[in-house]
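**Student:** got a predicted structure plus its sequence, pasted below:
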Amino acid sequence: MYQFSYVKAKSLKEAGEFLAAHPDAKLLAGGMTLIPTLKARLAQPSHLVDIGGLPELAGIELMDGKLAIGAATRHFEVAGSDTVKKAIPALAYLADLIGDPQVRNLGTIGGSVANNDPAADYPAAVLGLGASVITTQREIAADDYFQGMFATALDPREVIVRIVFPLPKRAAYAKFPHPASGYAMAGVFIAETAQGVRVAVTGAGPGVFRWQEAEAALATNMSAAALDGLAVSAEDLNEDIHATREYRANLVAVMARRAAAKIAEK
Ligand SMILES: Cc1cc2nc3c(=O)[nH]c(=O)nc-3n(C[C@H](O)[C@H](O)[C@H](O)COP(=O)(O)OP(=O)(O)OC[C@H]3O[C@@H](n4cnc5c(N)ncnc54)[C@H](O)[C@@H]3O)c2cc1C
């Protein structure tokens, strides 16, 4: 680990000012991704600006028929929240599948969405539900936010404040987890929304993506059978020591059927 200074921000404003004055500073939320990155000497920030305990980034509430979750909300809080379980049960379910108890106790929704790991779970829910990412500067629609592997629309000085999820009519998530880390080898989030059916795939490709062919099929028939014969192209998927791209393509098809079957039961 390279040397850095630790700063505990007292407010969102102070965090923003600090970032503006120190171009090599980095935000620290749960540290579940950032600390291992520093340990591996893959980043060399001058300062870590701790925003994990800021009250402005806390809280889960229903506002105008939408579910707002503060960026510093930890995975276990989302998984255990009665508000989330009632409003979007699939989101609470997804949060409970993340990593292990240690990761869920420290990792935050804002950190996960900012990091945009291609195998992370939350990006599937944010894109699948057509959520908005609210930052210190603007509101970014999910369709514009995710820009490929670890890439987002955020500028380096921008802080995620909360994620706002429109309530779906029905939604479900199915994931095939990597047995060691829990990260998605493939995860599929399906939501029936006021604007139509949305299907978001994580874990399989270089970044979370929508599977439009499945959306069209499920729009007329919300069932696992509607996806028979459909498959994502393996060509654009990830291949690594854990799985070939053809195996991942098959996992996507299977997870999509499982999620569709779950929705059909509701
Ligand atoms: C063993 C292990 C298993 C895991 N398994 C899974 C899994 O199954 N599924 C899954 O989805 N994830 C998994 N994770 C990742 C985990 O969910 C992390 O918590 C998450 O990716 C990052 O959240 P964090 O709060 O720890 O962020 P940090 O590590 O503190 O920060 C991550 C990045 O986001 C930036 N950042 C943090 N907060 C903000 C903000 N509010 N605004 C702007 N930028 C911000 C930081 O500067 C940093 O660049 C796993 C991690 C580990 C270590």
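**Tutor:** Nice, thanks for sending it over.
**Student:** contact residues of this protein facing the ligand?
**Tutor:** 26-34, 36, 51, 71, 98-99, 103, 106-108, 110-112, 114-115, 117, 120-122, 159-160, 181-183 (C-beta under 6 Å from any ligand atom). C-beta here means a position set from N, CA and C on the backbone, and glycine is covered the same way.
**Student:** repeat that for 5 Å
**Tutor:** Contact residues, the chain versus the ligand (C-beta under 5 Å from any ligand atom): 26-34, 71, 98-99, 103, 107-108, 110-112, 114-115, 120-121, 159-160, 181-183.
**Student:** if any of the residues you listed are buried, put those into a PyMOL selection.
**Tutor:** With 16 or more other C-beta atoms under 10 Å as the criterion, this PyMOL line picks the buried residues out of the residues of the chain next to the ligand:
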select buried, resi 26+27+28+29+30+31+32+33+34+71+98+99+103+107+108+110+111+112+114+115+120+121+159+160+182+183
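**Student:** so which of the residues of the chain next to the ligand belong to helices?
**Tutor:** Among the residues of the chain next to the ligand, the residues falling in helices (DSSP state H) are L34, V103, G110, G111, S112, A114, N115.
**Student:** return the member of the residues you listed nearest to the ligand.
**Tutor:** Closest approach between these and the ligand, by C-beta to the nearest ligand atom: G111, at 2.2 Å.
**Student:** buried ones in the longest strand seen in the chain?
**Tutor:** Secondary structure of the chain per DSSP state E: the longest strand is strand 184-193. The neighbour-count check on strand 184-193 (16+ other C-beta under 10 Å) flags A184, M185, A186, G187, V188, F189, I190, A191, E192, T193 as buried.
**Student:** which helix or strand contains the nearest residue in space to L28 that is not next to it in sequence?
**Tutor:** Nearest non-adjacent residue to L28, counting by C-beta to C-beta, 6 or more residues apart in numbering: L48, 4.2 Å away. Using DSSP states H and E, L48 sits in strand 47-50.
**Student:** and the contacts of that strand?
**Tutor:** When contacts are defined by C-beta atoms under 8 Å, 6 or more residues apart in numbering, strand 47-50 is touched by residues 4-9, 15, 18-19, 22, 24-28, 34.
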